[in-house]
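[1] what follows is a predicted protein model with its sequence.
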Amino acid sequence: MSSIAPTSTYFDFRQALTAKKMTGLWRMMSDYRLAYAAANLSLAVSALAKMFTYLLLRNFADTILGDAVPFAGTLERTLIVIALGFVGLAIVEGGFTYFSGRLAAYSAEGITRRLRNFLFDHIQRLSFAYHSKTPTGDLIERVTSDVDSVRSFFNEQAIGIGRIVFLFVINFAAIWQLNWKLALASIVVIPIILIVSLWFFKKVTKAYEKYQEQEALLSTTLQENLTGVRVVKAFARQEYEKAKFEKDNWEKFLRGKAFLRMHSLFWPLSDIACGFQMLGGFIYAAILAIHGEITVGTYPAYVGLVVWLIWPMRNLGRIIVQTSTGLVSYGRLMEIVKQEREPLTEGRVQAQGPARGEIVFENVSFQYEDSSANVIKDVSFRVLPGQSVALLGSTGSGKTSLVNLLPRFHEYTDGHILLDGAELKDYPRQYLRSQIGIVEQEPFLFSRSIGENITYGVGRDVPQEEIEAAAQAAAIHEVILTFPDGYKTLVGEKGVTLSGGQRQRMAIARTLLKNPRILILDDSTSSVDTETEAEIRAALNRLMENRTTFIIAHRIQSVMNADLILVMDKGAVVQMGRHEELVAQDGMYRQIYEIQTRIDTELEDELAKVG
Ligand code: TTP
Ligand code: MG
């Protein structure tokens, strides 16, 4: 068994939502600010050690080349002290740099770990509408690549700034103390570098945004290709898919090139500027030395110090430019974070205990967010507790859309739906979903064991007998026993692949175990053979006892026992009643009935001939 991850790392990143990205990043650092302060402090110590190294170098040079008096009495003793000083300072400098790097890495990992935890949870709480319009590949891209780029911001840039500031201040002060004119002459180029960096920052931000967008598109293409690999193969469209991927990948290449070109332009430019600055400083220092304004030993010390004064400047540009990528990713993540979650527990009706299951539709209409026409049009009917409603109708007539209104996957746009006399919209979604069991049209199973899939909806340990009873009722127990590890067999990539009918029966078992008051069966018998269908129908009849049931089916046989049959066409209920009533009427139901009976009789005749 793998150990359980500590849960204390949950952090609500919605706190970080702010108009200013920098403020947002600052908020994300909460709990880790002390670590960052310590990291920066360590950097300050190591910068100080570096500075003292050069001051010691000056002393060394002045003692050997110049006319300075050996400070430790004899020359040998002084040199030994200086040598020990160099070693000590090197250890301090290296040690503290290492320490700050560790602290930053630890904090960056910590922040991104809880960011990932948060995003995972947040995304699964967003609405159906959001998920149906957001490509999965795009979400995966953001949770992986963008999180990583935010991580490197916290790992590198967040302490990089501190390092630069300390190095700059300390070395500038040290040079100032050597000679203030030299100090001023050493920073002439800095304003230029700053302005150029900011200009590049803007450019790079745009380029990186484009690059990440394209990368997300590529992930989506890849993800769809993998998910739809059967379709690709069935239609032999590999070449087409290959070309599509190559085209997207080429575009990514181009955008990556544009992004990198900016970097490759920026570096030489800033290096040239820094190089000239250093050269200017060296020459000026030499002139000062010739004129006796600085000592001989000051010269090498200055050379060392000025390198560490200019280096941070050069790096400031790098950090400004690289911060842009962190900020772009931060922005892309915040687009997810700012999405409203689907409220689960809010609702005026705080129902306790099981629902009775009386459902009334009053002139209900419904329209998907992004479509222009109603998918459900003015539907009214009434079901008493424990009764069953069957929905019959051509494909696309709105059957699935209608039943999906019940758990509030989507909100009806007009009219009223009443559950036990109260408006459905006033019930918390969580309550409704605990009361409603759905066997979906295309049930999804997790890549976990058969047992885990069946107990998925109950959220507690279920005794093996109960699991098997559910599987038996769903006519899948015998099938499961034929698998290598029985109920422990894994489903999916690493285990067995189930057929459509087997998946549906697994879904029925899963729903049975959940024991809901209201049951929705979407097309659940369409993909099984007649014999299994009879078995399942018997199972379903057991399942339907004492529950309000919505059953969507294509075959008359599956619906004829229902208490109420709704015949749907283009979103409207065109006929409604019991089987006997509807067969007696001239209409769509009788047409379907006649066609299906004729086909069945012909089939039986054919079979009889063969037999
Ligand atoms: P469905 O309600 O899915 O139709 P259905 O269940 O009756 O069809 P089938 O027998 O094939 O399962 O769709 C009704 C219409 O709503 C259809 O024109 C597609 C549209 N629709 C959306 O616009 N957005 C959606 O998310 C869904 C599910 C459907
Ligand atoms: Mg459907």
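    Thanks, I have the structure now. Residues are numbered from 1 along each chain as shown. Ligands and ions are numbered 1, 2, ... in the order given.

[2] tell me the secondary structure at the nearest residue to L540 once chain neighbours are set aside.
    Leaving aside its chain neighbours, L540 sits nearest to L521 (6.7 Å; criterion: Cβ to Cβ, 6 or more residues apart in numbering). For every residue, glycine as well, the C-beta is placed using N, CA and C. Secondary structure for L521, judged by DSSP: H, G, I helix; E, B strand; the rest coil, is strand.

[3] in this protein, what residue sits furthest out from the centroid?
    T74 (68.0 Å; Cα atoms, centre = their mean).

[4] and A44, which helix or strand is it part of?
    Element membership for A44, per DSSP states H and E: helix 33-64.

[5] in terms of pLDDT, where does S526 sit?
    Note on S526: pLDDT of 57.

[6] what ranges does the stretch 201-350 of the chain have for its helices?
    For the stretch 201-350 of the chain, the helices defined by DSSP state H, counting those that start in this stretch cover 229-234, 238-290, 298-337.

[7] residues near the residue of the stretch 51-200 of the chain at minimum distance from ligand 1, how many?
    Distances between the stretch 51-200 of the chain and ligand 1 by Cβ to the nearest ligand atom are smallest at S132, namely 5.3 Å. Other residues lying near S132 total 12 when counted by other Cβ atoms under 10 Å.

[8] over to P463?
    With other Cβ under 10 Å as criterion, P463 counts 8.

[9] now it: how far from ligand 1?
    36 Å (Cβ to the nearest ligand atom, to the nearest Å).

[10] distance of G326 from ligand 1?
    36 Å.

[11] residues contacting whichever residue of the stretch 401-550 of the chain sits closest to ligand 1?
    Proximity of the stretch 401-550 of the chain to ligand 1 (Cβ to the nearest ligand atom) peaks at S401, 3.3 Å away. Each residue near S401 by Cβ atoms under 8 Å, 6 or more residues apart in numbering is listed here: 366, 368, 375-376, 410, 571.

[12] can you select the buried ones among those for me in ChimeraX?
    With 16 or more other Cβ atoms under 10 Å as the criterion, this ChimeraX line picks the buried residues out of these:
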select :366,375,376,410,571
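
[13] what would the contacts of S401 look like in a markdown table with pLDDT and secondary structure?
    Formatted as a markdown table, the contacts of S401 follow (pLDDT from 0 to 100; DSSP: H, G, I helix; E, B strand; the rest coil):
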| residue | pLDDT | secondary structure |
| --- | --- | --- |
| F366 | 96 | strand |
| Y368 | 93 | coil |
| V375 | 95 | coil |
| I376 | 95 | strand |
| H410 | 94 | coil |
| G571 | 92 | coil |
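
[14] determine which two of the contacts of S401 are furthest apart.
    H410 and G571 (13.7 Å; Cβ to Cβ).

[15] now the helix holding A44 against helix 298-337, angle please.
    Using axes from the mean of the first three to the mean of the last three Cα atoms, to 10 degrees, the direction of helix 33-64 lies 170 degrees away from that of helix 298-337.

[16] in stretch 555-571, what's buried?
    555-556, 558-560, 562, 564-568, 571.

[17] and ligand 2, which of those residues reach it?
    When Cβ under 5 Å from the ion is taken as the criterion, no member of the buried residues of stretch 555-571 contacts ligand 2.

[18] just those residues: which are in helices?
    556, 558-559 (DSSP state H).

[19] reformat those into CSV and put pLDDT and distance to L17 next to each item.
    Formatted as CSV, these follow (pLDDT from 0 to 100; distance: Cβ to Cβ, whole Å):
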residue, pLDDT, distance to L17
I556, 83, 54
S558, 79, 49
V559, 84, 49
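
[20] and the closest residue to G304 other than its chain neighbours, what does it touch?
    Spatial nearest neighbour of G304, chain neighbours left out: Y54 (4.0 Å); criterion: Cβ to Cβ, 6+ apart. Residues in contact with Y54 (Cβ under 8 Å, 6+ apart) are 174, 301, 304-305, 308.

[21] mind picking the two most distant members of the residues you listed?
    Largest pairwise distance in the contacts of Y54, by Cβ to Cβ, is 11.2 Å, between A301 and W308.

[22] which one of those two has more residues nearby?
    Neighbours per residue (other Cβ under 10 Å) separate A301 from W308, with A301 holding more: 26 against 20.

[23] just checking, L184 is part of a helix?
    Yes: applying three-state DSSP, one finds L184 inside a helix.

[24] may I see the buried residues of stretch 328-343?
    For stretch 328-343, the neighbour count (16+ other Cβ under 10 Å) marks 328-330, 332-334, 336-337, 339, 342 as buried.

[25] contacts for that stretch, please.
    So stretch 328-343 is contacted by 13-14, 16-17, 21, 24-25, 115, 118-119, 122-123, 125-128, 130, 139, 142, 145-147, 149-150, 153, 205, 208-209, 212, 428-429 (Cβ under 8 Å, 6+ apart).

[26] give me the buried entries from the residues you listed.
    Using 16+ other Cβ under 10 Å, the buried members of these are 13, 16, 21, 24-25, 115, 118-119, 122-123, 126-127, 130, 139, 142, 145-147, 149-150, 153, 205, 208-209, 212, 428-429.

[27] now F381: phi and psi?
    phi -170, psi 170 (degrees, to the nearest 10).

[28] does it touch E358 like I think?
    No: the criterion here is Cβ atoms under 8 Å, and F381 misses it with E358 at 11.9 Å.

[29] got a list of what the closest residue to ligand 2 within the stretch 251-400 of the chain touches?
    Residue nearest to ligand 2 within the stretch 251-400 of the chain: T400 (3.1 Å; Cβ to the ion). Contact analysis of T400 by Cβ under 8 Å, 6+ apart lists 441, 522, 552.

[30] please tell me which one of these counts the most neighbours.
    Busiest of the contacts of T400 [other Cβ under 10 Å] is I552, holding 26 neighbours.

[31] now for that residue: which residues touch it?
    Going by Cβ under 8 Å, 6+ apart, the list of residues near I552 reads 390-392, 399-400, 403, 441, 520-524.

[32] can you name the residues of this protein that neighbour ligand 2?
    So the chain meets ligand 2 at 400, 441 (Cβ under 5 Å from the ion).

[33] mind redoing it with 6 Å?
    When proximity is defined as Cβ under 6 Å from the ion, the chain approaches ligand 2 at 399-400, 441, 522.

[34] mind checking what helix or strand follows the lowest-mean-pLDDT helix or strand in the chain in sequence?
    Using mean pLDDT, DSSP states H and E, the weakest-scoring helix or strand in the chain turns out to be helix 530-544, at a mean of 69. Later in the chain than helix 530-544, the nearest helix or strand by DSSP H and E is strand 548-552.

[35] can you list the strands that that following strand pairs with?
    strand 388-393 (parallel), strand 518-522 (parallel) (DSSP bridges).

[36] how far away from the center of its chain is stretch 484-495?
    28 Å (Cα atoms, centre = their mean, to the nearest Å).

[37] end to end on it, go ahead and measure it.
    9 Å (Cα to Cα, to the nearest Å).

[38] counting neighbours, which bits of it end up buried?
    487, 489-491, 495.

[39] got the phi and psi for the residue nearest to K488 when sequence neighbours are not counted?
    Distances taken as Cβ to Cβ, 6+ apart put S449 closest to K488, at 5.2 Å, once the chain neighbours are dropped. Backbone dihedrals for S449, given as degrees, to the nearest 10, come out at phi -70, psi 160.

[40] ok, how many other residues are close to S449?
    Residues near S449, counting by other Cβ under 10 Å: 17.

[41] so what's it bridging to?
    Going by DSSP bridges, S449 forms beta bridges with L490.

[42] so who does it touch?
    485, 487-491, 495.

[43] for this structure, which residues are neighbours of ligand 1?
    132, 368, 371, 375, 393, 395-401, 441 (Cβ under 6 Å from any ligand atom).

[44] if you set the cut-off to 5 Å instead, what comes out?
    368, 371, 375, 395-401 (Cβ under 5 Å from any ligand atom).
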